[in-house]
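K.L.:
Below are the sequence and a predicted model for it; my questions follow.
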Amino acid sequence: MKSNETIERFLENNKVETKVLVFSETTRTSQDAAKQAGCELARIAKSIVFKAGDEPVLVITSGPNRVSEAKLEKLVGAKIEKADAEFIYEKTGFPIGGVAAFCHKTPLKHVFIDEDLTRFEEVWSAAGTPFAIFEISTPKLIELSHAKIADIKQ
């Protein structure tokens, strides 16, 4: 089963009325996703994976924002490093540019969502591949990803 189909099934099973959109052009970057979705960059909920030792840390942040590693380290209580593509795929089951907010290969203990995203009723999120996204209500994204709302931007 393709990653985007896994996400689609998960959304259906959780009674989320949305459609995973698959494009021929990439949605890998926030700018690409915003262009495909036809929305403002700030409504893109981009998933970034960091690592604390061997533990993945997922940050779902607003499209234009950069993550403050210092703030993230305080939240996690450990030194944070950027994760490479191999680590990200090994821990989440998704490639860079397509990491979904949920349905990870291994359960994630640390998931944070940028407080800036809470100002939007709905946001767009990656659907498992660098060519697929879906729209979801922000409260539902927080609920399904088990994310803690945090001030994490630089």
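P.N.:
Everything's here; your move.

K.L.:
How many neighbouring residues does Ala45 have?
P.N.:
Neighbourhood size, Ala45 [other Cβ atoms under 10 Å]: 29. In short, each C-beta sits where N, CA and C put it, glycine included.

K.L.:
tell me the contacts of it?
P.N.:
Shown in contact with Ala45 (Cβ atoms under 8 Å, 6 or more residues apart in numbering): 60-63, 101, 113, 117, 123-125, 138, 141.

K.L.:
now, which of the residues you listed lie within helices?
P.N.:
If you go by DSSP state H, these have 138, 141 in helices.

K.L.:
Closest one of the contacts of Ala45 to Phe94?
P.N.:
Set against Phe94, the nearest of those by Cβ to Cβ is Ala101 (10.2 Å).

K.L.:
Strands along this protein, start to end?
P.N.:
Assigned by DSSP state E, the chain shows strands spanning 21-22, 44-52, 55-62, 81-82, 110-114, 122-126, 132-137, 148-150.

K.L.:
Out of those strands, flag the one nearest Glu12.
P.N.:
That would be strand 132-137 among those, by Cβ to Cβ, at 11.3 Å.

K.L.:
Would you list the strands that that closest one pairs with, along with their directions?
P.N.:
Strand partners for strand 132-137, identified by DSSP bridges, are recorded as strand 21-22 (antiparallel), strand 122-126 (antiparallel).

K.L.:
Return the set of buried residues in it.
P.N.:
For strand 132-137, burial by neighbour count (16 or more other Cβ atoms under 10 Å) applies to 132-136.

K.L.:
could you give the angle of that strand to strand 44-52?
P.N.:
Counting by axes from the mean of the first three to the mean of the last three Cα atoms, to 10 degrees, strand 132-137 lies at 100 degrees to strand 44-52.

K.L.:
any idea of the mean pLDDT in strand 132-137?
P.N.:
The pLDDT scores in strand 132-137 average 97.

K.L.:
Skipping its backbone neighbours, what lies nearest the most centrally placed residue in the chain in space?
P.N.:
Centrality entry for the chain: nearest residue to the mean C-alpha point is Ser47, 2.7 Å, by Cα atoms, centre = their mean. Leaving aside its sequence neighbours, Ser47 sits nearest to Val99 (Cβ to Cβ, 6 or more residues apart in numbering; 4.1 Å).

K.L.:
Brilliant, that's me finished.
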